[in-house]
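1. Could you work out the structure for the sequence below:
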Amino acid sequence: ASAPTPAPEPAEKPSARYPAQAVPGITELHRHTLGHPDILIGVVDGPPDTSHPCLTGARLEAREPWWLPAALPDPHGAVHGTFTASVLAGQHGTVLPGLAPRCRLITVGHPTDEHTLIDPHSAARAIEELLQAGAHVIQYTLAHHTASDDADPMLKRAIASAIEAGVLVCAPAGNDYGNNSIAPAILPGVLAVGAHRADGAMFYFSNHGPAYTGHGITTLGEAVYGATPGGGIKAQKGTCVSVALITGTAALLVSLQHHHSRRPDPLTVRDALLATARPCTTEQAHGEPARCLNGYLDLPAATAHLFPGLPPLTRSP
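-> Model prediction:
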């Protein structure tokens, strides 16, 4: 039987927020850390515009996928990659302050054309590139659709190697109205990220299902400002927005471990985020609790879980 057609999303546009405003508790967490240069975030996404004013002074290295032939300019990928880089590394005091401006960031500007995008060999090589660079947190933004709740063995091995090395891998659950499983978000150990609306209700387009059970978290996925190629800013929506917020939040918590003279442990951060996620209400889930994955991000609770002696953060926006 076919699934019922979901109701349309609200037509009104909510007020846009800067990344720190989009994650309750980040402002207070920034009083303890803006990130640490010893903590490296790796990103597989489109190529960012590194000349954007918000990235001036960022510890950002943009790498090309040297294992692929030279590609044509990728305007769509550049929009995606520039948004992600700004949410993570936008410098404070600029037009767009990001979540973890003092962390290092390496981006692999992977082509987003329909042929290269789904190449599992290239995907695995991009992850290996970031592992070899010493990444603590990896955001793999590209989507590999699968009808079998499985993925290519090369991609699975690359993800498993990252997790075995203690690296946190974050990936969007995807925007296919729950009808598709997306790798690597479905793979064990990966932190899958869903999207809710500004009013707190789940987006109908945010994927969910048994493959995400036990390792997914949801956060805001609309009306979040990010940089655009050429120097501007624009609000975006989707699970790609949510995953950047989760990646930046996780990198801050790993940085705080470092500040407290603890060994950076990204997988402990992942487990704390999942353990403290808040269950959504029936109304927020449109009557289907599985839409919310493990629940909504609760940064104050996760921080208290990881750092019991730290003054409590507030959850109110």
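2. mind listing the strands in the chain by residue range?
-> 40-45, 60-63, 104-109, 137-140, 144-146, 168-172, 181-183, 191-196, 216-220, 224-228, 232-236 (DSSP state E).
3. What is the fourth one packed up against?
-> When contacts are defined as 3 or more CB pairs under 8 Å, 6 or more residues apart in numbering; DSSP states H and E, strand 137-140 sits against strand 40-45, helix 120-133, strand 168-172, helix 239-259. Where C-beta positions appear, they are placed from N, C-alpha and C, glycine not excepted.
4. pLDDT of the last one, averaged?
-> Here helix 239-259 scores 97 as its mean pLDDT.
5. what angle do that helix and strand 224-228 make?
-> Interaxial angle, helix 239-259 versus strand 224-228 (axes from the mean of the first three to the mean of the last three CA atoms, to 10 degrees): 90 degrees.
6. And the second one, by the same measure?
-> Put simply, helix 120-133 runs at 90 degrees to strand 224-228, going by the same axes, to 10 degrees.
7. Could you find the residue nearest the spatial middle of this structure?
-> Residue closest to the average C-alpha location in the chain (CA atoms, centre = their mean): Val243, at 2.2 Å.
8. In contact with that residue, which residues are there?
-> Neighbouring residues of Val243 by CB atoms under 8 Å, 6 or more residues apart in numbering: 139, 141, 170-172, 193.
9. Could you do His258 as well?
-> Neighbour list for His258: 36, 38-39, 264 [criterion: CB under 8 Å, 6+ apart].
10. top of those residues by neighbour count?
-> Ile39 (28 neighbours; other CB atoms under 10 Å).
11. Pretty sure Ala285 is one of the things Arg291 touches, is it not?
-> Yes: taking contacts as CB atoms under 8 Å, Arg291 lies within contact range of Ala285: 4.7 Å.
12. and for the two, which residues touch both?
-> Common neighbours of Arg291 and Ala285 (criterion: CB under 8 Å, 6+ apart): Met202.
13. what about the two, which has more around it?
-> Legend: neighbour count by other CB under 10 Å for Arg291 and Ala285, higher for Arg291 (22 against 18).
14. roughly how far apart are that one and Lys237?
-> To Lys237, Arg291 is 16 Å away according to CB to CB, to the nearest Å.
15. Could you do Ala71 as well?
-> Distance, Ala71 to Lys237, using CB to CB: 27 Å.
16. Between the two, point out the one with more neighbours.
-> Just comparing Ala71 and Lys237: by other CB under 10 Å the higher neighbour count belongs to Lys237, 22 against 16.
17. Leaving out chain neighbours, which residue sits closest to the more buried one?
-> Glu222 (3.6 Å; CB to CB, 6 or more residues apart in numbering).
18. Just to check, the one you found is in contact with Thr239?
-> No: Glu222 lies out of contact with Thr239 (CB under 8 Å); the separation is 10.5 Å.
19. Find the residues that touch each one of the two.
-> With CB under 8 Å, 6+ apart, Glu222 and Thr239 have common neighbours Ala195.
20. Could you check which of these two is surrounded by more residues?
-> Taking neighbours as other CB under 10 Å, Glu222 and Thr239 compare with Thr239 leading, 29 against 23.
21. on that earlier part again, now, which of the contacts of His258 sits nearest Ala251?
-> Ala251 has its nearest neighbour among the contacts of His258 in Ile39, at 5.9 Å by CB to CB.
22. mind checking pLDDT for the closest one?
-> Looking at Ile39, its pLDDT stands at 98.
23. Nice, that's everything, thank you.
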